[in-house]
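*Asks:* okay, predicted coordinates and the sequence, questions at the end:
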Amino acid sequence: MTAPAALRPIGPALFELPIGFGPGMRVPVRVFGTEKLVSEFDDQVFVQAANVATLPGIVGASLCMPDAHWGYGFPIGGVAAMDPEKGVISPGGIGFDINCGMRLVRTDLCWRDVRPRLRELVDRLAERVPAGVGARGFLHVDRREFHELMHEGAGWAVRRGFGLEEDLERTESRGCFAGADPEYVSERAIERGLPQIGTLGSGNHYLEIQVLRDEHVFDRDLARAFGLTLPEQVVVMFHCGSRGFGHQIATDYVQSFLRDMPTKFGLSVVDRELACAPFASAEGRAYFAAMCCAANMSFANRQVILHRIREVFSDVFGRDPEALGIRSVYDVAHNTARLEDIPTDTGVRRLLVHRKGATRALPPGHPDLPAVFRETGQPVIIGGSMETGSHLLAGTAGSVASFYSSAHGSGRTMSRNRARRQVHGRDVQRRMEERGILVRAASISGLAEEAGFAYKDVDAVAEAVEQAGLSRRVAHLLPVGNVKG
Amino acid sequence: MSGAGYAFVDDVTSDIHFRAHAASLEELFGAAAEALLALTLEDPRAVAAKQREAVHLEEPSLELLLLRFLNELVFLRDARGLLLRVSSLAIRELDGAWRLEGALEGEILERGRHRLASEVKAATPHGLRVSRGAAGWEAEITLDV
C-alpha cells in the first residue's frame, strides 16, 4: 500500500493526482489526508478515484476524503460533482445503502447516572431497536402511509408522533429531500422496506451510548452550542440507513443502467461498476426521484429510532424524555447525490454532488443552514469503530474546496474475511467488556468484522479534516455501551 | 452438487468477494447461492427444505443473470423472510437472452433458532465475471455487506 509516484502535495493535508494518471481522466483527483493516512490507502482507491474522474460532466476534481477505502465503483469516502445538464448520475457513487447516516443525541444525564443502569439500558435498546438479518420493526405501516413517508421523510415520523418539530431543524435538509417521487420506486422495494422502519441493520451499523469526558472537548464554545455542557455527559449515537428499501432501489437501477448504458445512452465507462445514466435523461431523473424516496425513508427510520431511544431512557429512568434532556444534536446523511449551489472558478453553479461515504459540511453563514447553526457551522459526525469512539466536528469555510464535504467515519483497512480470521467475535466482546464497553450483538461473527483493528485511526481522520480546513474538531466521544447488527 | 464450491477472497476492503466453481452452469449458480447463505448464517446447514419458491429470470448476459439471481435471493430474504438454496435449475440461451428457470427450497428465518451472521445488502457488478475454462465454469462476485 504505497501512494502512486504521481501524487503530489498541493496544500495542507491535500494531494493531487494529475489528469493523465489514468486513461480518459477529465479532471484531476484530489485526496484529502495526512501523508501517513494517504500512504496507507488501498492502492485501488487511487485507481477508483481516477476512474470516477473519467465520468461525463464531472466538475473540478474527483475527491477522496481522509477515510477513503476501496469500495465498488467509487471509493468509499469519494465525492464527485456533476454538471446536471451534461453529467451523469451513478448509483455506484451513492452506494447501495442510500442515506446511510449518523445521528447524535444528547442527554442531561452524566456517566454517574447511567453507569448503574447501563446493562438494563443496552438490553432494552437492543430489544426496542431490532438489529441484524431479518429484523422487523415494531411500527406497522400500510402502503398508503409508506407513500407519505417517501414524500415527507422524517417529517412523516414527527407528524405520526415519533419525535419533535425541533428534531427536524437538527436534521440535514429537515429530514426530507425534495424531488422524491414514489412512481419511480418498484413494488419490490416497498415490499422489502415495509417491515423495516425502526430497525438498525447489520454490518457497520450500530447504536452506541457514549460519554464525553472533559479532556476530550476540543472546542468548548462549539460544544456548548451543540448542547454538550455537562461533566462526563452521556450521549447516544447511531448509524443506519434506508435498509432493504434503499438496497432494492439501488439494485433495480444498477441492473437497468447496466442493460441500457451501451444501447440507450451510448455511454461506455472504464469499469462496469460505474454504471450510470445521463442526469438529464428520463432514466437518470427516475433514479434520482427513487433515490430521494430512499433518502427520506432513511431519515424517517432514524427519526423513529430516536423515538425508541427516548422511550427506553424514559422507562429506565422513570422520567419523561424532556426532563432527561434527550434532544437531537444533528443527523447527517452519508450516501447521497444532491443538487447543491457550489462556488467554482466560474461562479456559483448548481451541481449534482455525489457523496459516497462522505458527509456534507456547511460552513458558518451558509444560507442552507437553519438559524440554530448559522454561527457554528453544520455539525459533522465522524463515526469510529465500536472500540475507538467517534468525533463531533463543525463545518468550516475551507470545506468549499471539497464541495462542502467532510469525512464520515474511520474507514476500513482490512477486509471482513481477514478480520474474521484474526479474531473471534466472542473475544472482541470480552475484550471490550474488560475495557468497560458493554456489547449486545445480533451476529457474533459480525463483531469480529467490526473489531477496532480493522479500521483506520479515527483520531487521525478527524485531525486530517481539521488540517485540511474541511471541519473543526469539537469533541471526541467514547463508547460505553453498544448495540450491533 | 459434487465438484461445485466457493471460496471467499480477501479483496474489496468494505465488501465480500467470492469465487465459485462448478462443472455446469446450474451448479455454479447453486454454489453462489450457497455462498450467500453461508454469509447470512453461522450454520447454513441448519436451513431445512420446508418450502419451495419458483424462480424465472431473464437477462441479456450470463453475468447479469447471476447478479439478478443473487439479488432475487436477497429480496426474498428481506421481503418474505426466506432463506433459500437451489433445488433445481435450468439455464439456457435463447434468442440472445439468458433464461433461468427452476425451484428454490428453504425455510423462514427464525431469529433465535438460526444463528445470524451478515446481512448482505446486494450483489454488485464490481469484479463480476462468469467464464468457462478447461475445468468447468467459474464466477466471481462482490456482495455489499
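*Replies:* Here it is on my side, so go on.

*Asks:* can you give me the distance of residue A:90 to residue A:418?
*Replies:* Between residue A:90 and residue A:418 the computed distance is 28 Å (C-beta to C-beta, to the nearest Å). To be clear about C-beta, it is placed using only N, CA and C from the backbone, and glycine gets the same treatment.

*Asks:* and the two? Which one has more around it.
*Replies:* More neighbours surround residue A:90 than the other of residue A:90 and residue A:418, with 29 against 15 (other C-beta atoms under 10 Å in any protein chain shown).

*Asks:* confidence score at that one?
*Replies:* Looking at residue A:90, its pLDDT stands at 96.

*Asks:* now residue A:22
*Replies:* Reported pLDDT for residue A:22: 94.

*Asks:* spatially, what comes nearest to it if we skip its sequence neighbours?
*Replies:* In space, and not counting its chain neighbours, residue A:22 is closest to residue A:50: 3.3 Å by C-beta to C-beta, 6 or more residues apart in numbering or on different chains.

*Asks:* using the three-state scheme, assign that neighbour.
*Replies:* Using DSSP: H, G, I helix; E, B strand; the rest coil, the structure places residue A:50 in helix.

*Asks:* low-confidence stretches in chain B?
*Replies:* B:1-2, B:11-14 (pLDDT under 70).

*Asks:* now the helices for it?
*Replies:* B:25-40, B:62-80 (DSSP state H).

*Asks:* nearest approach to chain A belongs to which of those?
*Replies:* Nearest of the helices of chain B to chain A, taken as C-beta to the nearest C-beta: helix B:62-80 at 3.8 Å.

*Asks:* could you check the longest helix seen in chain A against chain B for contacts?
*Replies:* Ranked by residue count, the top helix of chain A under DSSP H comes out as helix A:282-317. No: Helix A:282-317 lies apart from chain B when judged by C-beta under 8 Å from any C-beta of the partner chain; the minimum separation is 12.0 Å.

*Asks:* grab the most central residue of chain A for me.
*Replies:* In chain A, the residue lying closest to the centroid (C-alpha atoms, centre = their mean) is residue A:334, at 2.8 Å.

*Asks:* ok, that one - contacts?
*Replies:* Each residue near residue A:334 by C-beta atoms under 8 Å, 6 or more residues apart in numbering or on different chains is listed here: A:95, A:99-102, A:241, A:355-359, A:408-409.

*Asks:* what does residue A:195 give?
*Replies:* Each residue near residue A:195 by C-beta under 8 Å, 6+ apart is listed here: A:136, A:137, A:140.

*Asks:* among those, which are in strands?
*Replies:* With DSSP state E as the criterion, strands contain none of these.

*Asks:* chain center to the helix or strand following the longest helix of chain A: distance?
*Replies:* Later in the chain than helix A:282-317, the nearest helix or strand by DSSP states H and E is strand A:327-333. On the basis of C-alpha atoms, centre = their mean, to the nearest Å, strand A:327-333 sits 11 Å off its chain's mean C-alpha point.

*Asks:* now do the very next helix or strand once past strand A:327-333: everything it contacts.
*Replies:* Under the assignment DSSP H and E, the closest C-terminal helix or strand after strand A:327-333 is strand A:336-344. Contact with strand A:336-344 is made by A:59-60, A:81, A:84, A:89, A:93-94, A:98-99, A:173, A:177, A:179, A:288, A:291, A:295, A:348-355, A:360, A:368, A:400, A:403-404, as judged by C-beta under 8 Å, 6+ apart.

*Asks:* got a PyMOL select line for the buried ones in these?
*Replies:* Under the burial definition 16 or more other C-beta atoms under 10 Å in any protein chain shown, those of the contacts of strand A:336-344 that qualify are selected in PyMOL by:
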select buried, chain A and resi 59+60+81+84+89+93+94+98+99+173+177+179+288+291+295+349+351+352+353+354+355+360+400+403+404
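
*Asks:* if I look at the closest residue to chain B within the stretch 151-300 of chain A, how far off is residue B:34?
*Replies:* Closest residue of the stretch 151-300 of chain A to chain B, C-beta to the nearest C-beta: residue A:202 (3.3 Å). Distance of residue A:202 to residue B:34, computed by C-beta to C-beta: 20 Å.

*Asks:* now swap in residue A:36 and tell me
*Replies:* Residue A:36 is 41 Å from residue B:34, by C-beta to C-beta.

*Asks:* out of the contacts of residue A:195, which are buried?
*Replies:* By neighbour count, with 16+ other C-beta under 10 Å, these hold residue A:137 as buried.

*Asks:* just give me the closest of the contacts of residue A:195 to residue A:392.
*Replies:* Distance to residue A:392 across those (C-beta to C-beta) is lowest for residue A:137, with 27.5 Å.

*Asks:* now that closest one: closest residue in space that isn't a chain neighbour?
*Replies:* residue A:198 (3.4 Å).
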